[in-house]
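Student: Any chance you can model this:
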Amino acid sequence: MGIADSCRFALTAGCSALALAAAANAARAADFIGGDTLLVTTTTYEDAGQVAGLVAGSTAIPGGTAVSNGDLNTVWNNSTVDGQFGVTSPLTLQDLSVTSGKLLASETLPTNQIVTSFSSKSELGLSIARTASGPVATFMGYAPGGAGYPPTAAGMLDVSNADSTSYVDPTNVASQFYKSSYTDYAFNRSVVAVAANGSFSITPTLAYGGDNSRAAVLAPNGLYYTVGNSNSGTTTAPQLTKTTGLEVVTPGSTPNSTMIDPTFNTYSTYQTYSKDKAGKTNNYRGLTYYDGNLYFTKGSGSNGIDTVYTVSNPDGKLPSASTATSATISVLPGFPTDSAKQTGANFTPFGLFFANPSTLYVADEGTGNTTDQTTNAGLEKWTLSKGTWSLDYTLQAGLIGDTYTVPGWDFGETTIGLRNLTGEVNANGTVTFWAATATTSGSGDNGADPNEIVKITDALGDTSLPTGETFSLFDGPVAGLRYGGVAFAAAPEPSTWAMLLLGFAGLGFAGYRKRSALSLS
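Tutor: Residues are numbered from 1 along each chain as shown. Below is the predicted model:
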């Protein structure tokens, strides 16, 4: 079996001096993030907590009065009153067989420590790093801010647009409305790292106040890199405009993050058609590490440039907190540089997967203009020649326009594109992909739609659209369940298995033991 460098690499340096587990526990590493399996982040809606207390026509919410209770099918209509409406939900990791789709292991993280926002469809991007101590999966969620701040739980309202604990924005409607019960209605956008035995650590950041974090990767230098955006209010405070976009984070319990290339914004460098709202200029979504470099996407919002970006490595190394301001963000040569506001977005990229240094696959959500919906939505294949990337073709068969119904969900679904993406390069010259779908329906928020995990295999050497390659359903859909990130977990090399027996180190895992929620088939 071939191994894709983008998903699998060995960290040669330890990330911390803390021991994660003894050798006996390490021997169970195959229980979770197993060899040749697919790891998926999911979240399930719960009519609980604050959302359970909603009464149509009576409960006050930002912008007016609730129009629905917490019923899954109608609760999202509250967004017609509260433009920031969202509901927190538990975060679950599933480990699936790539051949049968069988659930091998599942762990739901405790909601008093970390949650996600159910209908925030851009959240839960997932990555797996192959460290010297075994695989580590990373993603992001919302963690409680500590004394004086509300504890996290399922069913909380508007958390994805509330402040972070690093800055209270007086123009943020969500935070101001819900702070009456607490000192401040604020939550830390935090990196979650999960080891192969289900143990996990949480590192709070100082970033993305007023909006959501999307994805995190653990790089070989032992640092996290994250993407997201900030600012639900109108302030231009640097605590928001300089804590967004691409960030570098040091693992640990102390909140920290540093914005990379804080002077970059996606409108002034490439075009001057329209200035973005403060804090939204670097509204990034997908993120991947490959061959010593970081790559990320912007594919949402009506401002800036929806395209694929990369960042320079000061002194030949990935940016650190000390070099973040000297790093330079740029559009990957050959990718679009048009204004999303001017064109209506003919390209809405999300997930990325490098099959090799000259072949890049891009998942496109299909939420832009007609060009995007008919030409780019789906799985794009780009190749590099003489320093410039060009689009070869887009795989859409069996995906775009696919319709289905789901028991317990009142709306018919239509697939319009893809979000997060992962893949495996095979020995026979093909590459197999798994991706979370983007959908549309008549619901009040398409982020709440029951989406799917789909699968397709492409011939790596093809440069023109092949016939016979079509998407197939891999998992789902289920009413009230949303798929977020996907990551292929390759089988460790024999030498890596030996290293696993030495125990896991680092990332502050020692404080969190595996919860009883881990179920093994």
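Student: Now do the contacts for Thr250.
Tutor: 203, 223-224, 256, 321 (CB atoms under 8 Å, 6 or more residues apart in numbering). C-beta: built from backbone N, CA, C; applies to glycine.
Student: now swap in Ala174 and tell me
Tutor: 62, 84, 158, 161-162, 185, 210, 232 are the contacts of Ala174 under CB under 8 Å, 6+ apart.
Student: ok, 6 Å please
Tutor: By CB atoms under 6 Å, 6 or more residues apart in numbering, the contact list for Ala174 reads 62, 84, 158, 161-162.
Student: ditto for Asn112
Tutor: Pro151.
Student: Try it again at 10 Å.
Tutor: 143-144, 151-154 (CB atoms under 10 Å, 6 or more residues apart in numbering).
Student: Low-confidence ranges, this structure, go.
Tutor: Applying pLDDT under 70 to the chain flags residues 1-31, 267-280, 301-302, 493-521.
Student: Can you tell me the closest non-neighbouring residue to the residue nearest to the spatial centre of it?
Tutor: Most central in the chain under CA atoms, centre = their mean is Gly125, positioned 2.0 Å from the mean C-alpha point. In this structure, Gly125 finds its nearest non-sequential neighbour in Ala215, 2.7 Å apart by CB to CB, 6 or more residues apart in numbering.
Student: Within its sheet, name the partner strands of the helix or strand where that neighbour lies and how each one runs.
Tutor: If you go by DSSP states H and E, Ala215 is part of strand 213-218. Here strand 213-218 has these sheet partners by DSSP bridges: strand 224-228 (antiparallel).
Student: tell me the contacts of the residue nearest to the centre of the chain?
Tutor: With the criterion set at CB under 10 Å, 6+ apart, Gly125 makes contact with 41, 138-140, 213-217, 226-228, 285-288, 296, 350-351, 419-421, 436, 484-487.
Student: Could you do Asn212 as well?
Tutor: 86, 116-117, 120, 122-124, 140-142, 159-161, 189, 228-230, 232, 285.
Student: which stretches of the protein form helices?
Tutor: 23-26, 49-52, 173-178, 238-241, 340-343, 370-371, 494-500 (DSSP state H).
Student: Look up how far Gln373 lies from the closest residue to Phe177 other than its chain neighbours.
Tutor: The shortest distance from Phe177 to any non-neighbouring residue, by CB to CB, 6+ apart, is to Pro62 (4.5 Å). Separation of Pro62 from Gln373 (CB to CB, to the nearest Å) stands at 32 Å.
Student: Over to Val425?
Tutor: 29 Å.
Student: The two: which is more packed in?
Tutor: Neighbour count, other CB atoms under 10 Å: between Val425 and Gln373, Val425 has more, with 24 against 19.
Student: from memory that one sits against Thr432, does it?
Tutor: Yes: between Val425 and Thr432 there is a contact at 8.3 Å, judged by CB atoms under 10 Å.
Student: Next, show the common contact partners of the two.
Tutor: Phe488.
Student: Report the contact partners of Phe264.
Tutor: Contacts of Phe264 (CB under 10 Å, 6+ apart): 245-246, 281-282, 309, 311, 327-330.
Student: again with Thr111
Tutor: By CB under 10 Å, 6+ apart, the contact set of Thr111 is 46, 48-49, 88-91, 141, 151-156.
Student: Swap in 6 Å and give it another go.
Tutor: Contacts of Thr111 by CB under 6 Å, 6+ apart are 90, 153-154.
Student: Now do the biggest strand by length in the chain and strand 213-218, the angle between them.
Tutor: Looking across the chain with DSSP state E, the single longest strand is strand 413-425. Angle, strand 413-425 to strand 213-218, by axes from the mean of the first three to the mean of the last three CA atoms, to 10 degrees: 10 degrees.
Student: who's in contact with strand 413-425?
Tutor: Against strand 413-425 from outside (CB under 6 Å, 6+ apart): 2, 4, 125, 350-351, 353, 355, 363-366, 377, 399, 402-404, 431-441, 449, 485-488.
Student: Next, give phi and psi for Pro170.
Tutor: phi -70, psi -10 (degrees, to the nearest 10).
Student: Inside strands: which ones of the contacts of Asn112?
Tutor: Short answer: the contacts of Asn112 in strands (DSSP E) are 143-144.
Student: Just the buried ones from the contacts of Asn112?
Tutor: 143-144, 152-154 (16 or more other CB atoms under 10 Å).
Student: Could you check how many residues crowd around Thr374?
Tutor: 13.
Student: now Ala137
Tutor: 25.
Student: Can you report how many residues lie near the residue nearest to it when sequence neighbours are not counted?
Tutor: Distance criterion CB to CB, 6+ apart; nearest residue to Ala137, sequence neighbours excluded, is Val194 at 4.6 Å. Val194 has 27 neighbours, counted by other CB under 10 Å.
Student: from memory Val194 sits against Phe200, does it?
Tutor: Yes: Val194 sits in contact with Phe200 when judged by CB atoms under 6 Å, with a separation of 4.5 Å.
Student: okay, and the common contacts of those two?
Tutor: With CB under 6 Å, 6+ apart as the test, Val194 and Phe200 reach no residue in common.
Student: if I look at Ser232, how far off is Tyr142?
Tutor: With CB to CB as the criterion, Ser232 and Tyr142 are 14 Å apart.
Student: and if you look at Ile305?
Tutor: For Ile305, the distance to Tyr142 - CB to CB - is 28 Å.
Student: With Ser201 instead?
Tutor: 16 Å.
Student: just Gly210 next, same as before
Tutor: Taking CB to CB, one finds Gly210 at 12 Å from Tyr142.
Student: ok, back up a step: which residues does the strand holding Ala215 contact?
Tutor: Against strand 213-218 from outside (CB under 6 Å, 6+ apart): 122-123, 125, 127, 129, 136, 138, 140, 189, 191, 224-228, 285, 287, 289.
Student: so how far is it off the chain centroid?
Tutor: 6 Å (CA atoms, centre = their mean, to the nearest Å).
Student: Put the alpha carbons of it into PDB.
Tutor: Only the C-alpha atoms of strand 213-218 are listed here, as PDB (Å, rounded to 0.1, in the frame of the first residue of the first chain):
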ATOM      1  CA  SER A 213     -12.300  28.100  14.600                       C
ATOM      2  CA  ARG A 214     -12.200  25.500  11.800                       C
ATOM      3  CA  ALA A 215      -9.200  23.200  11.900                       C
ATOM      4  CA  ALA A 216      -5.900  22.400  13.500                       C
ATOM      5  CA  VAL A 217      -2.800  20.400  12.500                       C
ATOM      6  CA  LEU A 218       0.100  19.200  14.600                       C
END
